[in-house]
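Curious how this folds, go ahead:
(chains A and B)
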Amino acid sequence: MNVTEAILGVRDLTMAFGDRVVMEHLDLAIEPGEIYVVMGGSGCGKSTLLRHMLGLQEPASGEVFYGSESFTRALPPDRERMLRRVGVLYQGSALWTSMTLAENVALPLQQFTKLRPGRIREVVELKLALVGLHGFEEYYPWELSGGMQKRAGLARAIALDPEILFIDEPSASLDPPTGRRLDRLILEIRDALHTTVVVVTHDVASILGIATRALFLDGESRRSIAEGSPAELRDHGPEAVRAFFAGGILP
Amino acid sequence: MDPEGATTSAPASIEMSRVDGSTLVVRLGGAWRLADDLPPASTVERELARETAATVRLDASAIADWDSGLVVFVFGLLEGCRSRGIAVEHPALPGALERMLALVQIPALPPAPPPPRGGWLDRLGRRALAWREKLRAASLFMGETTIALSRMVLGRARFRGQDLGLLLEGAGPSALPIVALVNFLVGIILAFVGITQLRRFGAEYYVADIVGIAVVRDMAALITAIVLAGRSGAAYAAQLATMKVTQEVDALRTLGISPVEFLVVPRVVALTLMMPFLVLFADLMGVLGGAAVGTTMMSQALASYLRQTSHSVTTGDMIGGLVKAATYGALVALTGTARGLAAERSSEQVGVAATQAVVTGIVAIITACGIFQYVFFLFGW
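Modelled structure (predicted):
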């Protein structure tokens, strides 16, 4: 698929912190409706790639595209418009601790729609019910478990019906059953909202459970070394990728 | 979302009609998007209140486009009908909408209510309990700090020398520019006030005495301490509160290292040691500020002004000022670190801790200043 025809793509992207290059010449194109997983070992640049896609970090070279539009070259107002199409679930949920769950989910609706307070309340209740948190509207984030905070973060991320949902390490700091429940929820939300989902994770069970396509970033060579369905990569991918799936130690 | 059976993109509409006398047919049409002004589910409920029905049949075949706005409407309608015991038929809802409705989970039993945030009496009681807890924590902190400082004197406290070095640098040399500026200006202000009042008695040449004694005995220490409360006290509180949020304090505890020894002691030592040096420098700047006014407004020679100052200021004044400086330094460090360690685990509390550190620090400094004045007066110092 051509980068400029994809809903989201990167072309010849090089990511660096000052002089230290993290990843070079990265190309990818994500199709609408996919659950695209970026995987790799710790420190290989997965989350950094996510930050580049969200404009939280600028590329050393190369470009990020939303549809056919260059996000990297866009002016700030255009970037804002493009980012209006996305929702993000951060690794640590990043809920605003001074706000209740209802206020957390309501904030994007208050800022970016002209809905009346009553209607916002209805939407907030629906979004929280979608992630199984009906009745928890008046709780503060610190009054909830880690898994519930993740789900509340997801409710906030889908508040504006995003076209693209970014998720950073969905199962981080969750026990395996809670992680799998969150995976199922991500699948259901993708099906219900027709959202394209981009997930950054190193959790093999999560990758096999939800990904339609996956990209493997290799920290050693600073390149992406494989892309395909998780089963393909697990069974026929390069040795480093198969070792990653097997949980083995790289040679 | 992709329209299913889309025919138009007209605004969202509801049409209601009755069939067989017992069924209310609700036909939805147009575009149901959140950004638009959508009809509420209560429109249907009002119709049902006017004349009830055994069944509501939802016909969504004329919907052109939709997003969460439609889901909110349908969900509200289903809930409203469920509470009235009315059956709902929805044979032709878009597939994705059906899946979203299936996702919505309403627990059979509502979750436990959040902790009460109640009325004024409730809040008053909670505040009183919180105060009691704060007093207990403050006593505990003072006790732990006393023990930790004793261990430091005995050379047994656990903290890193390099941390102390950085803290000394941050509390002392880095603060010199702001301390210099503020005290120079205070010297100018005191000289102006002094000249204005003394001129009434023809005694304006005593301004060097007034400024010198005021600065060296009290003002330099007081002003420098207030500057440091806003600078170092707030920084200490924010650092320690952030360390609590990120569980760094817990990590110290589980290693068997007292956070008070590791974090509080070096800060208290740094500020207590550095404050007298800063105040000596502040004394000089304050006197120079006074001299700037004295030499320009009264055409007094700089050497003469400084000589007059040195005659009026005694060693006792200077020692008193330095003792106050060390005390204020300790108070700023103690209030800053206490507020930081007392912070709860949320990012909001970092800001609260920093604010409280400044306020508490300044109150502690002024209170100590008042006590010093009284004691010095009693002993005729």
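
what does the average pLDDT come to for the longest strand along chain B?
In chain B, with assignment by DSSP state E, the single longest strand is strand B:55-66. For strand B:55-66, mean pLDDT is 87.

Can you spell out which helices and strands pack onto that strand?
strand B:23-32, helix B:68-84, strand B:87-89 (3 or more C-beta pairs under 8 Å, 6 or more residues apart in numbering or on different chains; DSSP states H and E). Just so you know, the C-beta spots here come from the backbone N, C-alpha and C atoms, and that holds for glycine as well.

how about the ones you listed in JSON lines, adding distance to chain A and mean neighbour count?
Below are the helices and strands packed on strand B:55-66 laid out as JSON lines (distance: least, C-beta to the nearest C-beta, whole Å; neighbours: other C-beta atoms under 10 Å in any protein chain shown):
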{"stretch": "strand B:23-32", "distance to chain A": "12", "mean neighbour count": "20"}
{"stretch": "helix B:68-84", "distance to chain A": "5", "mean neighbour count": "21"}
{"stretch": "strand B:87-89", "distance to chain A": "17", "mean neighbour count": "13"}
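
out of the ones you listed, nearest to B:D283?
helix B:68-84 (67.2 Å; C-beta to C-beta).

between that closest one and strand B:23-32, how big is the angle?
160 degrees (axes from the mean of the first three to the mean of the last three C-alpha atoms, to 10 degrees).

B:G289: which of the helices and strands packed on strand B:55-66 is closest?
Between these, helix B:68-84 lies closest to B:G289; by C-beta to C-beta that is 64.6 Å.

chain center to the closest one: distance?
Distance, stretch centre to chain centre, for helix B:68-84: 42 Å (C-alpha atoms, centre = their mean, to the nearest Å).

what's the angle between it and strand B:55-66?
Using the same axes, to 10 degrees: helix B:68-84 against strand B:55-66 is 170 degrees.

Which residues does helix B:68-84 contact?
A:119, A:122-123, A:126-127, A:129, A:161, B:12, B:26, B:28, B:32-36, B:38-42, B:44-45, B:48, B:52, B:56, B:58, B:60, B:63, B:87-88, B:90, B:93, B:97, B:100-101, B:104, B:106 (C-beta atoms under 8 Å, 6 or more residues apart in numbering or on different chains).

Ok, stretch A:114-129 next?
A:101-102, A:105-106, A:109-110, A:113, A:134, A:136-137, A:152, A:155-156, A:158-159, B:34-35, B:38, B:40, B:68-69, B:71-72, B:75-76, B:104-106.

now do stretch A:100-112
Outside stretch A:100-112, the residues touching it (C-beta under 8 Å, 6+ apart) are A:84, A:95-96, A:99, A:115, A:120-121, A:123-125, A:127-128, A:133, A:136-141, A:144, A:152, A:155-156, A:159-160, B:34.

out of those residues, which are buried?
Buried residues within those, counting neighbours by 16 or more other C-beta atoms under 10 Å in any protein chain shown: A:95, A:99, A:115, A:120-121, A:123-125, A:127-128, A:133, A:136-137, A:139-141, A:144, A:152, A:155-156, A:159-160, B:34.

Let me know whether B:V56 touches B:A87 as I believe.
Yes. The pair B:V56 and B:A87 qualifies as a contact (C-beta atoms under 8 Å) at a distance of 7.3 Å.

Tell me which stretches of the stretch 51-200 of chain A form helices.
A:76-83, A:101-112, A:117-130, A:146-157, A:176-193 (DSSP state H, counting those that start in this stretch).

Could you single out the most deeply buried of the ones you listed?
Across those, the average number of neighbours (mean count of other C-beta atoms under 10 Å in any protein chain shown) peaks for helix A:146-157, which reaches a mean of 24.

ok and it relative to helix A:117-130, angle-wise?
140 degrees.

For helix A:146-157, what does the pLDDT average out to?
pLDDT averaged over helix A:146-157 gives 91.

Same question for stretch B:236-252.
On average, stretch B:236-252 scores 88.

With just CA atoms, put it into CSV.
C-alpha atoms of stretch B:236-252 as CSV (Å, rounded to 0.1, in the frame of the first residue of the first chain):
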residue,chain,number,x,y,z
TYR,B,236,12.4,20.9,47.9
ALA,B,237,8.7,20.4,48.3
ALA,B,238,8.1,19.8,44.6
GLN,B,239,11.1,17.4,44.4
LEU,B,240,10.1,15.3,47.3
ALA,B,241,6.4,15.3,46.3
THR,B,242,7.3,14.1,42.8
MET,B,243,9.5,11.4,44.3
LYS,B,244,6.5,10.3,46.3
VAL,B,245,4.3,10.2,43.2
THR,B,246,7.0,8.2,41.3
GLN,B,247,7.4,5.8,44.3
GLU,B,248,11.1,6.8,44.7
VAL,B,249,10.5,7.4,48.4
ASP,B,250,8.9,3.9,48.7
ALA,B,251,12.0,2.5,47.0
LEU,B,252,14.2,4.1,49.7
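
Report the distance from stretch A:146-165 to the chain centre.
10 Å.

So B:K244 is in contact with B:R339, correct?
No. Applying C-beta under 8 Å as the test, B:K244 and B:R339 come out as separate, 11.1 Å apart.

Look at the two and report which has more neighbours.
For B:K244 and B:R339, the more surrounded residue by other C-beta atoms under 10 Å in any protein chain shown is B:R339, and the numbers stand at 28 against 22.

hang on, that one is in a strand, isn't it?
No. Applying DSSP: H, G, I helix; E, B strand; the rest coil, one finds B:R339 to be helix, outside a strand.

And the strands in the stretch 151-251 of chain A?
A:164-168, A:196-200, A:213-218, A:223-228 (DSSP state E, counting those that start in this stretch).

thought A:S70 was touching A:G55?
No. Between A:S70 and A:G55 there is no contact under C-beta under 8 Å: 11.6 Å.

what is in contact with the two at once?
A:V64.

Pull the contacting residues for residue 54.
Assuming you mean chain A. A:83, A:86, A:88, A:166.

that's the other chain; I wanted chain B
Counting by C-beta under 8 Å, 6+ apart, B:A54 has contacts B:22-23, B:86-87.

Smallest distance to chain A belongs to which residue of the stretch 151-300 of chain B?
Taking C-beta to the nearest C-beta, chain A has its nearest neighbour within the stretch 151-300 of chain B at B:V245, 9.2 Å off.

For that residue, which non-adjacent residue is closest in space?
Setting aside the residues directly before and after it, B:V245 is nearest to B:R345 in space (C-beta to C-beta, 6 or more residues apart in numbering or on different chains), at 5.4 Å.

Using the three-state scheme, assign the one you found.
Going by three-state DSSP: B:R345 is coil.
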